[in-house]
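Trainee: Sequence and predicted structure below; questions after.
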Amino acid sequence: MNLADARSALRDARRVAVLTGAGISAESGIPTFRDAQQGLWARFKPEDLASPDAYFRDPALVWEWYAGRYRDVMAAQPNAGHDLLARLERQKEGGYFLATQNVDGLHARAGSEKLVELHGNLTTARCDVCSQVDDLPAPADFTPPPVCPRCGGRMRPNIVWFGEFLPEQALEAASDAFAAADVALIIGTSGMVYPAAGLAFETLERGGTVIEINPDETELTPRLSFSLRETASRGLAALMEG
Ligand code: APR
């Protein structure tokens, strides 16, 4: 398959499913988890900041880490890649589904609506006691930990941590959408973290086309229909605006 074929496949597809990872937010300047671990944070292992054990041991430390990442995200803006996906959703009307591994909330801010956030969302918190989910206050007004508006309990970052399960309904919806897709796009993900990375195979196994957009080769590349070696925004523009 070449670019012209990929472009017509996307144009003609009645059902499109998209998976995004950290790469689509790179052009918004959002650091990956590992890139954000600079300075004082460099001495921690990821599991010391992003696991139920870490939160049990030292909730203030875990919240300090997430409050910093929340501030980074709120200072950033969605980029042309996020915008193009919101446009693709409007073009495909009902036949569109987006699953993201990102926790930065930028897809929703760009206007994507049929969206599941498989790894949670940095801009919300979840009550330890009653599971209520609520938006965090604006960064300038935010002193962690947030308190549940419903029951007064302490709230935790609404993130899927190491050792935790992905939200079951979100994963099932993604799996169904990838299985039904004529075309799937895999954008800006290294394809190493399962089960998200396995979504591409749901589409391939049922005869659909899977197109990757990533400047680098990934674990998934050898198995996909076509790979565009471009950044997310340039790759999407090449596919959608030809
Ligand atoms: N456009 C598109 N892709 C890009 C860009 C860009 N501008 N810049 C970098 N990339 C690609 C990289 O080549 C890499 O393949 O984005 C990918 C990012 O890979 P990871 O950092 O592994 O991010 P991701 O795949 O989202 O990780 C999955 O792992 O760290 C955990 O839970 C975290 O959700 C995350 C999950």
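Mentor: The structure has been received and is ready for your questions. Worth saying up front: this structure is predicted, and the values here are computed from it rather than measured.

Trainee: Could you use CA atoms for every contact and neighbour count after this?
Mentor: Noted.

Trainee: in the protein, which spans are helices?
Mentor: Applying DSSP state H to the chain gives helices spanning 3-12, 22-26, 33-36, 46-49, 52-57, 59-75, 80-91, 106-110, 168-180, 199-205, 232-240.

Trainee: buried stuff in the fourth one?
Mentor: Spelled out, it's helix 46-49. 46, 48, 49 (16 or more other C-alpha atoms under 10 Å).

Trainee: Likewise for the fifth one?
Mentor: Taking 16+ other C-alpha under 10 Å as the neighbour-count basis, helix 52-57 is seen to contain the buried residues 52, 54, 55.

Trainee: With stretch 184-192 instead?
Mentor: Buried residues in stretch 184-192, counted by 16+ other C-alpha under 10 Å: 184, 185, 186, 187, 188, 189, 190, 191.

Trainee: Mind pulling the model confidence for the third one?
Mentor: What the model reports for residue 186 is a pLDDT of 98.

Trainee: can you check residue 242 too?
Mentor: Residue 242 is assigned 64 on the pLDDT scale.

Trainee: go on, residue 192?
Mentor: With respect to pLDDT, residue 192 has a value of 89.

Trainee: And the average pLDDT for the longest strand seen in the chain is what?
Mentor: For the chain, the longest strand by residue count, based on DSSP state E, is strand 120-127. Summarised as a single mean, pLDDT over strand 120-127 is 97.

Trainee: does any part of it sit near the ligand?
Mentor: No. Applying C-alpha under 6 Å from any ligand atom, one finds strand 120-127 separated from the ligand by no less than 9.1 Å.

Trainee: Which other helices and strands does that strand contact?
Mentor: Applying 3 or more C-alpha pairs under 8 Å, 6 or more residues apart in numbering; DSSP states H and E, one finds that strand 120-127 contacts helix 59-75, strand 133-135, strand 155-159.

Trainee: Now that we have those, can you turn them into JSON lines and tack on mean neighbour count, distance to residue 99 and mean pLDDT?
Mentor: Formatted as JSON lines, these follow (neighbours: other C-alpha atoms under 10 Å; distance: least, C-alpha to C-alpha, whole Å; pLDDT from 0 to 100):
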{"stretch": "helix 59-75", "mean neighbour count": "18", "distance to residue 99": "19", "mean pLDDT": "96"}
{"stretch": "strand 133-135", "mean neighbour count": "16", "distance to residue 99": "19", "mean pLDDT": "96"}
{"stretch": "strand 155-159", "mean neighbour count": "24", "distance to residue 99": "15", "mean pLDDT": "98"}
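
Trainee: To the ligand, which of the ones you listed lies closest?
Mentor: Between the ligand and the helices and strands packed on strand 120-127, the shortest separation by C-alpha to the nearest ligand atom is 9.1 Å, and it involves strand 155-159.

Trainee: Sheet partners, orientation included, of that closest one?
Mentor: Under the criterion DSSP bridges, strand 155-159 sits next to strand 120-127 (antiparallel) in its sheet.

Trainee: mind listing what's buried in stretch 22-36?
Mentor: Neighbour-count burial for stretch 22-36, counted by 16+ other C-alpha under 10 Å, picks out 22, 23, 24, 25, 27, 28, 30, 31.

Trainee: Save those residues as JSON lines, and put in pLDDT and distance to residue 67 too.
Mentor: JSON lines is the format used below for the buried residues of stretch 22-36 (pLDDT from 0 to 100; distance: C-alpha to C-alpha, whole Å):
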{"residue": "22", "pLDDT": "95", "distance to residue 67": "19"}
{"residue": "23", "pLDDT": "96", "distance to residue 67": "22"}
{"residue": "24", "pLDDT": "97", "distance to residue 67": "22"}
{"residue": "25", "pLDDT": "97", "distance to residue 67": "18"}
{"residue": "27", "pLDDT": "96", "distance to residue 67": "21"}
{"residue": "28", "pLDDT": "97", "distance to residue 67": "18"}
{"residue": "30", "pLDDT": "92", "distance to residue 67": "14"}
{"residue": "31", "pLDDT": "82", "distance to residue 67": "14"}
